[in-house]
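Q: let's see this in three dimensions:
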Amino acid sequence: MMKNINVHLSKDLISKYGIKNFPVRKGDIARIVRGDAEKDEKLNIVGKEGKVIKIITDEGKVVIENVNIAKSDGKMKPRKLDPNAIVLTKIILEDKKRKERLTRLASLRNKIVEDEPEPVPEPAVPEKKEEKEPEKQEAPPEKEDGADEGEEEEEEKDE
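A: Numbers count the residues shown, from 1 in each chain. Prediction:
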């Protein structure tokens, strides 16, 4: 029985982390790079990319989202792929132990693991504040128009 199923990394991830393979987990994004061209001519799964939805450790196989095979009765079922036929294109680092292992392996090769999702939301918040301030500055010039002042006076009388 296999515990971890290691899968090759894409060229981008190899240059980023300095390692060539890493254990695959549910949620990782993988691309299919090998397959039987004659058998898969109709399906054309080589080059498809999707999320890993299941790992079968007993058989040493990986199941990727939207990669199905037709059964004899016409129904579709998920296709079990060999780990050497896929390449990881994105690694999910939500697990602390997994992130620590990747940073340890990368540090041995003088690479730094950076958190990608965290910096994106931070700059979005100050931009919204900056947008509100110019709107306040635009409001006083509108009061200078005679028509706007009349409308404001009518609103005050209604209250």
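Q: from here on, just use CA atoms for contacts and neighbour counts.
A: Noted.
Q: strands of this protein, residue ranges please.
A: 6-9, 21-23, 29-32, 49-56, 61-70, 76-81, 86-90 (DSSP state E).
Q: for R98, find the nearest of the ones you listed.
A: Closest to R98 of the strands of the chain, according to Cα to Cα: strand 21-23, at 9.1 Å.
Q: for that closest one, which positions count as buried?
A: Within strand 21-23, the residues that count as buried by 16 or more other Cα atoms under 10 Å are N21, F22.
Q: got the strands of the chain as a markdown table, with distance to E114 and mean pLDDT columns?
A: Below are the strands of the chain laid out as a markdown table (distance: least, Cα to Cα, whole Å; pLDDT from 0 to 100):
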| stretch | distance to E114 | mean pLDDT |
| --- | --- | --- |
| strand 6-9 | 17 | 92 |
| strand 21-23 | 17 | 92 |
| strand 29-32 | 18 | 92 |
| strand 49-56 | 22 | 92 |
| strand 61-70 | 26 | 89 |
| strand 76-81 | 30 | 90 |
| strand 86-90 | 13 | 93 |
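Q: quick one, which of those gets closest to S107.
A: Here strand 21-23 is closest among those (Cα to Cα), at 14.8 Å.
Q: who are the packing partners of the closest one?
A: For strand 21-23, the elements it packs on are strand 6-9, judged by 3 or more Cα pairs under 8 Å, 6 or more residues apart in numbering; DSSP states H and E.
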